[in-house]
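> Below: sequence and its predicted model.
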Amino acid sequence: SKTLIIIVSNALNGMLPTTRSRCRRLMLSPLSDDAVATLVTRAHPDILPADLDLVLRLAEGSPGRALEFVAAGGADLYRNVAKVLGELPEVNGENLHALAGSWGGRKPKEGEVDPFRTGTELMLRWIDRAIRAANHAPGLREIVPGDLEAGRAFVAQTGVEPTFRRREAVRRLVQLEAALNLDRKQVLIDAVHTL
């Protein structure tokens, strides 16, 4: 009688109706950019304003995600991801190998943020945003200049459904890296070529 069960879900329709009917809803929203910026600048007082602004747009109100991005070099990671993916369907070999070399090399030490995980998450996010931009989803903001337009152009050329299938193929490839201990640089190169 003195037990409180808290169920956290971002997909209410995925819950059984009998479970939903017995719950009270407490809708939460992301923190404001100002609140997240305060937390990030406390932890990283030397962050550049342009990097902070980019990280805030990537974090979408999540202080944990923002701190993880900063620790992994997220601002530069996203700039490089957007540069390489923004050239699709063409791929500049030098840019791709620089990207793969910068965060596809070594595995992190205990307690370090893994740039490979963060970078692949940013790749998948770029693709998600490209699909949303191509479908004129409201509320999208550029993270770096031209990233939404490059995404729109890529999806327009490839098609929404094929782009989604390619995104899923990239996600599976990233999962295989963890399961099979694949070469991270090669996984990144293959992921971009899959797109």
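Sure, I can see it.

> looking at this protein, which helix or strand is least sure?
Of all helical and strand segments in the chain, the minimum by mean pLDDT, DSSP states H and E falls on helix 93-103, at a mean of 82.

> Pull the residues that contact that helix.
Helix 93-103 has contacts (C-beta atoms under 8 Å, 6 or more residues apart in numbering) with 72-73, 76-77, 80-81, 83-84, 87, 115-116, 118-119, 184-186, 188-189, 192. Bear in mind the C-beta positions are built from the backbone N, C-alpha and C, glycine included.

> One more pass at 10 Å, please.
72-73, 76-77, 80-81, 83-87, 92, 104, 114-120, 122-123, 183-193 (C-beta atoms under 10 Å, 6 or more residues apart in numbering).

> from those residues, which would you call buried?
72-73, 77, 80-81, 83-86, 104, 114-120, 122-123, 184-185, 187-192 (16 or more other C-beta atoms under 10 Å).

> so which strand or helix has Phe69?
Assigned by DSSP states H and E, Phe69 belongs to helix 63-71.

> how much does the helix or strand just after that helix deviate in direction from helix 63-71?
Counting by DSSP H and E, the next helix or strand C-terminal to helix 63-71 is helix 74-85. If you take axes from the mean of the first three to the mean of the last three C-alpha atoms, to 10 degrees, helix 74-85 sits at 80 degrees to helix 63-71.

> tell me what helix 74-85 is packed against?
When contacts are defined as 3 or more C-beta pairs under 10 Å, 6 or more residues apart in numbering; DSSP states H and E, helix 74-85 packs onto helix 49-59, helix 63-71, helix 93-103, helix 115-134, helix 147-158, helix 184-194.

> Any stretches of the protein with poor pLDDT?
For the chain, the stretches flagged by pLDDT under 70 are 104-106.

> Residue nearest the middle of it, spatially speaking?
Geometric centre of the chain, nearest residue: Leu122, 3.1 Å, by C-alpha atoms, centre = their mean.

> That one: what's it in contact with?
58, 69, 72, 74, 77-82, 85, 103, 115, 143.

> Could you tell me how far the residue lying closest to Val40 once chain neighbours are set aside is located from Lys83?
In space, Val40 comes closest to Ala66 once its chain neighbours are excluded; the distance is 5.1 Å by C-beta to C-beta, 6 or more residues apart in numbering. Distance of Ala66 to Lys83, given as C-beta to C-beta, to the nearest Å: 22 Å.

> No further questions, thank you.
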